[in-house]
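Chemist: My questions concern the predicted model and sequence given below.
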Amino acid sequence: MLFGIAAPDHYRQPGSNIEYWVAKVERNVRRDDEVDAILRDAGWTVVRIWEHENPVTAADRVERLLRAAKSPGYRIA
């Protein structure tokens, strides 16, 4: 399952309504962590592709993970 999302280190806090945005981002981080745990428990490998990431680099990373998953003895970290 792949989703393109904004990278945390590229987050820019808005100049207005700061309390709202801080709380929203914190909720999103908690939600993402919870969803990651659920997916991993279900046997999925979670891959984050950031919106600024080079598409070719991202595709290469996914391809390497898929090849590794087909290898004997592969285990989800």
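Modeler: Alright, I've got the coordinates. Numbers count the residues shown, from 1 in each chain.

Chemist: Three-state assignment for S16, please.
Modeler: Secondary structure for S16, judged by DSSP: H, G, I helix; E, B strand; the rest coil, is coil.

Chemist: Okay, it and K70: tell me how far apart.
Modeler: Distance from S16 to K70, counting by Cβ to Cβ, to the nearest Å: 50 Å. All C-beta atoms are positioned from the backbone trio N, CA, C, and that covers glycine.

Chemist: do the same with A42
Modeler: 19 Å.

Chemist: same thing with A58?
Modeler: A58 is 19 Å from K70, by Cβ to Cβ.

Chemist: Please apply the same query to D32.
Modeler: 27 Å.

Chemist: between the two, which one's more packed in?
Modeler: D32 (15 against 8; other Cβ atoms under 10 Å).

Chemist: which secondary structure element contains that one?
Modeler: Element membership of D32, judged by DSSP states H and E, is helix 18-41.

Chemist: for the record, mean pLDDT for that helix?
Modeler: Averaging pLDDT along helix 18-41 yields 91.
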